[in-house]
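In: Take this sequence and fold it.
(one chain, ligands or ions: 1)
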Amino acid sequence: MSIEKINKILEESRDEMVALLKELIQVDTTNLPGDEYLGVEIIQKFLEKYSIPYEIHSQQKGRENIIIRIGEGDKKLFSAGHIDIVPVGDLETWDHPPLEGHIEGTKMYGRGTTDNKGPLVALLMTAKALWPFRDELNGTFIAAGVADEEKGSVYGTEFLMEEGLIDADWAIIPDIGGNMMAIDVAEKGVLDLEILTKGISAHGSTPDRGVNAIEKMAEVIEILRKHTFSFNEHNFLSPPTMNIGVVNGGSASNMVPDKCRLIVNVRYLPSQKAGDIKNDLALALASVKDTEISIIHNLNPTEVDPENILVGTIQEETKRITSKTPQLIGLGGATVCKTFIGKGIPAVGWSPGPDDVAHIANEYIDLDEILDFSKIMAGVVKRLLK
Ligand SMILES: [Zn+2]
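Out: Numbering: from 1, shown residues only. Sure thing, here's the model as predicted:
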């Protein structure tokens with residue numbers, strides 16, 4: 001299998017790639033309800049044309065996932081695009097109907113073009129191009145179209161992992177934008193803390209007879225705003241952040257409130273621990289009486305070794321096709337990579353598609369770029385499974 005031959009197959013498949021993407025954009029897979037089966041049916045038809053075998057798995061009818069396995073052997077590289085989309089939002093803000101797949105020059109516009117049907121179609125094209133050479137692969141390329149990414153992957157990746165349907169040595173999650181020039185190798189932890197203050201209720205005309213829980217929370221907020229985290233600097237991640245995101249308290253202007261609740265979102269580094277962050281804050285808040293702090297949600301920070309062969313191979317293969325080397329980056333948000341890394345599978349985010357078009361009007365993708373992505377992905381598969 002020569003990489004030239006594979007590239008040629010991919011180049012000759014450009015019209016098919018564009019038509020397949022357009023077809024996928026035209027089915028409404030807004031999550032909720034998802035209806036990913038609509039996309040799966042289109043992908044099935046495409047695979048059957050080339051007699052490429054596939055599996056369909058779902059935890060709930062309508063929320064189908066499709067998995068393709070190319071080649072055999074111990075080493076496994078996994079990559080998936082998600083079929084679900086976020087709502088199109090206000091139609092007035094779109095220059096073209098969002099579920100049409102309008103093409104202008106080399107760009108296709110529509111909900112899901114970048115997030116994430118464009119990258120998904122590129123993976124399908126890679127699978128198609130590699131299929132005739134499957135016996136030459138020393139390992140398995142697993143490509144999947146998954147459900148429910150926009151609402152926590154419960155019916156998608158999480159379900160597939162729990163069922164033992166995905167196991168891999170490496171994973172590439174093409175869902176970060178960055179025009180293939182960024183590789184996400186580290187992600188901050190995401191910690192939600194709830195802080196409660198307690199007071200004593202009284203009539204609003206005699207506030208001195210009560211203890212005002214909202215005023216106590218004001219003291220808490222003052223302390224939080226001055227708080228500094230202890231952490232070690234990270235090569236790819238900016239310092240930890242804190243956002244005071246929710247405050248609830250009081251029920252009437254003529255009552256002294258006896259309860260107030262705050263939710264704080266902390267994005268933290270691999271050198272920190274959620275429990276320590278909570279304990280440090282509890283200590284800082286000790287001067288405000290009857291205050292409780294607890295963890296209500298936590299995702300640990302994750303990272304892959306930047307020296308991992310997966311990272312270097314993506315960089316070199318991208319350079320071969322685009323003559324530019326992607327940079328390593330860290331993210332303050334969490335992607336599906338966290339799930340893989342949590343299971344011991346090195347996973348990186350790396351994808352075509354511009355930054356800042358996901359979830360907004362006039363989302364688009366450059367069709368030449370997804371063609372390049374399919375070529376680079378084929379090169380990565382060939383090298384990792386050699
Ligand atoms: Zn999204």
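
In: what's the average pLDDT for stretch 328-342?
Out: Over the span of stretch 328-342, the pLDDT mean works out to 94.

In: Show me which residues of that stretch are buried.
Out: Leu328, Ile329, Gly330, Leu331, Ala334, Thr335, Val336, Cys337, Lys338, Thr339, Phe340, Ile341 (16 or more other Cβ atoms under 10 Å). Glycine gets a C-beta too; all of them are placed from N, C-alpha and C.

In: Which of these fall in strands?
Out: Within the buried residues of stretch 328-342, residues falling in strands by DSSP state E are Leu328, Ile329, Gly330, Leu331.

In: wait, the third one sits on Ala182?
Out: By that I understand Gly330. No - assessed by Cβ atoms under 8 Å, Gly330 is found out of contact with Ala182, at 10.1 Å.

In: returning to what we had before: what two of the ones in strands among the buried residues of stretch 328-342 are the furthest from one another?
Out: Spatial extent of these (Cβ to Cβ) is set by the pair Leu328 and Leu331 at 11.3 Å.

In: would you put the C-alpha positions of stretch 208-223 in CSV?
Out: Below are the C-alpha coordinates for stretch 208-223, written out as CSV (Å, rounded to 0.1, in the frame of the first residue of the first chain):
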residue,chain,number,x,y,z
ASP,A,208,-31.0,43.2,63.4
ARG,A,209,-33.0,40.3,64.9
GLY,A,210,-31.9,37.9,62.2
VAL,A,211,-28.7,36.9,60.5
ASN,A,212,-28.6,37.7,56.8
ALA,A,213,-27.3,34.7,54.8
ILE,A,214,-26.9,36.8,51.6
GLU,A,215,-24.7,39.3,53.4
LYS,A,216,-22.6,36.3,54.6
MET,A,217,-22.4,35.1,51.0
ALA,A,218,-21.1,38.6,50.1
GLU,A,219,-18.2,38.0,52.5
VAL,A,220,-17.7,34.6,51.0
ILE,A,221,-17.5,36.1,47.5
GLU,A,222,-15.0,38.7,48.7
ILE,A,223,-12.7,35.9,50.0
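
In: Go through it and flag the buried ones.
Out: Gly210, Val211, Asn212, Ala213, Ile214, Lys216, Met217, Val220.

In: next one: stretch 127-140
Out: Applying 16+ other Cβ under 10 Å to stretch 127-140 flags Ala127, Lys128, Ala129, Leu130, Trp131, Phe133, Arg134, Leu137, Gly139, Thr140 as buried.

In: picking that back up, looking at the buried residues of stretch 328-342, spot the one nearest Pro240.
Out: Nearest to Pro240 among these: Gly330, at 12.0 Å, using Cβ to Cβ.

In: so who does the closest one touch?
Out: Gly330 sits next to Asp184, Val185, Ala186, Glu187, Lys188, His234, Asn235, Phe236, Leu237, Ser238, Glu303 when contact means Cβ atoms under 8 Å, 6 or more residues apart in numbering.

In: Could you measure from the fifth one over to the ion?
Out: For Lys188, the distance to the ion under the criterion Cβ to the ion, to the nearest Å works out to 18 Å.

In: The residue nearest to that residue when sequence neighbours are not counted pairs with what?
Out: Nearest non-adjacent residue to Lys188, counting by Cβ to Cβ, 6 or more residues apart in numbering: Arg267, 4.2 Å away. Going by DSSP bridges, Arg267 is paired in beta bridges with Val190, Thr241.

In: right, and Arg267 touches His234 too?
Out: No - contact criterion Cβ under 8 Å: Arg267 and His234 do not qualify, at 11.8 Å.

In: Could I get the pLDDT score of Gly73?
Out: 89.

In: can you pull the contacts of the residue of the stretch 101-250 of the chain found nearest the ion?
Out: Nearest residue of the stretch 101-250 of the chain to the ion: Asp115, at 4.1 Å (Cβ to the ion). Listed by Cβ under 8 Å, 6+ apart, the contact partners of Asp115 are Ile85, Val86, Asp175, Gly353, Val357, Ala358, His359, Glu363.

In: and the stretch 251-386 of the chain, which residues reach the ion?
Out: Ala358 (Cβ under 5 Å from the ion).

In: Low-confidence ranges, the stretch 251-386 of the chain, go.
Out: Scanning the stretch 251-386 of the chain for pLDDT under 70 picks out no residues.

In: all helices for the stretch 201-350 of the chain, in order.
Out: Using DSSP state H, counting those that start in this stretch, the helices of the stretch 201-350 of the chain run over 213-226, 274-284, 309-322, 337-342.

In: ditto for the stretch 51-200 of the chain
Out: Taking DSSP H, counting those that start in this stretch, the helices of the stretch 51-200 of the chain run over residues 118-130, 157-162.

In: right, so those helices: which one is the most enclosed?
Out: Highest mean neighbour count among the helices of the stretch 51-200 of the chain (mean count of other Cβ atoms under 10 Å): helix 118-130, with a mean of 28.

In: wait, does that one make contact with the ion?
Out: No - Helix 118-130 is not in contact with the ion by Cβ under 5 Å from the ion; minimum separation 11.4 Å.

In: mind checking how far that helix is from the chain centre?
Out: Centroid displacement of helix 118-130 relative to its chain, using Cα atoms, centre = their mean, to the nearest Å, is 19 Å.

In: other SSEs contacting that helix?
Out: helix 3-12, helix 14-25, helix 37-49, strand 65-70, strand 72-82, strand 138-146, helix 367-384 (3 or more Cβ pairs under 8 Å, 6 or more residues apart in numbering; DSSP states H and E).

In: Mean confidence (pLDDT) on the third one, please.
Out: Okay, so that is helix 37-49. Per-residue scores along helix 37-49 average to 98.

In: on contacts alone, who are the packing partners of it?
Out: helix 14-25, strand 65-70, helix 118-130, strand 138-146.

In: These into JSON lines, with extra columns for mean pLDDT?
Out: Formatted as JSON lines, the helices and strands packed on helix 37-49 follow (pLDDT from 0 to 100):
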{"stretch": "helix 14-25", "mean pLDDT": "98"}
{"stretch": "strand 65-70", "mean pLDDT": "98"}
{"stretch": "helix 118-130", "mean pLDDT": "98"}
{"stretch": "strand 138-146", "mean pLDDT": "98"}
